[in-house]
Every structure is written in structure tokens, then in C-alpha cells.
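**Q** A predicted structure for the sequence below; I have some questions about it.
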Amino acid sequence: MSSILSGILRQKLLEIQSQLPPYVKIIKDNPPIFENILEDVQNNESRDYSLLIEAASKKYNISSIIITAVMRAESGFNPNAVSKAGAMGLMQLMPETAKALGVVNAFDPRENINGGVRYLKDMLTEFGGNLELALAAYNAGPNAVKKYGGIPPYEETQNYVKKVMSSLKNKL
């Protein structure tokens, strides 16, 4: 699939190039790779929230790398994201959870990040600092983790924990 997208991107760049004066070059000898462009976009999006992430990291004593990995998995850095289940914003807070955390506007990045990181800290505390269980609880709820005595057998939750942990391994 990515080779198809890369080919489309190259074709569009060639079309644009053909309409520019000959001395203007947007395509170099080493053409851009679509995956690298997507990665640059994601990195820029996470940088947009870096000050908020750092503030929450210090306030709740959770690594900014973990916060960023959760945010990437939850919303892809989209502050207006809404899940099928109704979770909202960057950290995908459920309405009841947001309310309990004092988040008035779940689409406000500052409130959402602060609330999401506070909730993640609560889950880490509840599960004795076990990050995988805290992530599972963040995704499926603490009662599901307690019910199953570990990561629940929900495909979504298992994939979520693997995705965040994989992202962390790639960053560390």
C-alpha cells in the first residue's frame, strides 16, 4: 500500500514540477519517500503539543515519551478526534472520565492532556506501576483489568497495549 501512495505522491510532484520554470526544482535526485513524509508530519504534530506534554510529564511524574506514545495511539495527535465509543480529544477521554477529572472542554489540548495524563497516573498507581496493566486499564477500564487479572482478552485492548509498548521500544 505504501508503495502505491509513494508512487502517487511522486506522480503529483512530477505534475507540479512540469508546470514550474525549469530552474525551479522540487524533485531532487533522491525523491521523497512517502513514509518519511508521514513520519515528519507526525513528529511535527507531536512537537505542537510538546510544551503541554512536558508540563504534564513534570506535574504527574510520567515520562513525556510515554505520554507521546499514548497520544499517538489514541488520536494520532488530532485534538478533535472522537471515537465510535465517544472518547474525545488528544488523549481520548470518555465523557464520564473527563468530567470526573475536572475536564470541562475535552477538545482543549491543555485540558485533555492534563486530564489524560492524570488518569494514566491514576492507572499506574492502581496497578502498582505496571505500565502494561495501566495502559490496558486506560483503554478498557480498570474494572476489566481487575476482572481478568491482567490485560483483558479484548483484541482492541491487546493491540493497543502492543502498539504503545512497541512505540516506546522504538523511542528508547
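**A** Yep, it's here.
**Q** for the protein, what helix or strand is lowest in average pLDDT?
**A** Across the helices and strands of the chain, mean confidence by mean pLDDT, DSSP states H and E is lowest for helix 34-48: a mean of 52.
**Q** got the buried residues for the very next helix or strand once past that helix?
**A** Going down the chain from helix 34-48, the next helix or strand is helix 50-60, by DSSP states H and E. For helix 50-60, the neighbour count (16 or more other C-beta atoms under 10 Å) marks 52-53, 56-57, 60 as buried. Every residue, glycine included, has its C-beta placed from N, CA and C.
**Q** find the nearest non-adjacent residue to Ala136, please.
**A** Once flanking residues are discounted, Ala136 sits nearest to Ile151: 4.3 Å by C-beta to C-beta, 6 or more residues apart in numbering.
**Q** secondary structure class for the one you found?
**A** The three-state assignment at Ile151 reads coil, by DSSP: H, G, I helix; E, B strand; the rest coil.
**Q** next: Ser167.
**A** Under three-state DSSP, Ser167 falls in the helix class.
**Q** my read: it touches Ala73, true?
**A** Yes. Under the criterion of C-beta atoms under 8 Å, Ser167 makes contact with Ala73 at 6.8 Å.
**Q** those two - which one has more neighbours?
**A** In this view Ser167 and Ala73 are compared by other C-beta atoms under 10 Å, and Ala73 has more residues nearby, 21 against 17.
**Q** care to break this structure down by domain?
**A** Taking automatic domain parsing as the reference, the chain has its domains at 2-32, 50-171.
**Q** buried stuff in the strand or helix carrying Arg72?
**A** Remark: Arg72 resides in helix 64-75, with elements defined by DSSP H and E. Neighbour counts over helix 64-75 (16+ other C-beta under 10 Å) mark 64, 66-75 as buried.
**Q** same check on stretch 78-91?
**A** 79, 81, 87-91.
**Q** alpha carbons of it, as CSV, please.
**A** Taking Å, rounded to 0.1, in the frame of the first residue of the first chain, the C-alpha atoms of stretch 78-91 are listed here in CSV:
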residue,chain,number,x,y,z
ASN,A,78,-5.8,15.0,16.4
PRO,A,79,-7.3,17.3,19.1
ASN,A,80,-10.8,16.9,17.5
ALA,A,81,-10.8,13.1,17.4
VAL,A,82,-13.9,11.3,18.5
SER,A,83,-14.1,7.5,18.8
LYS,A,84,-17.1,5.3,18.0
ALA,A,85,-17.4,4.9,21.7
GLY,A,86,-17.5,8.7,22.3
ALA,A,87,-13.9,9.2,23.6
MET,A,88,-12.7,12.7,22.8
GLY,A,89,-9.6,14.7,22.0
LEU,A,90,-5.9,14.0,22.0
MET,A,91,-5.9,11.5,24.9
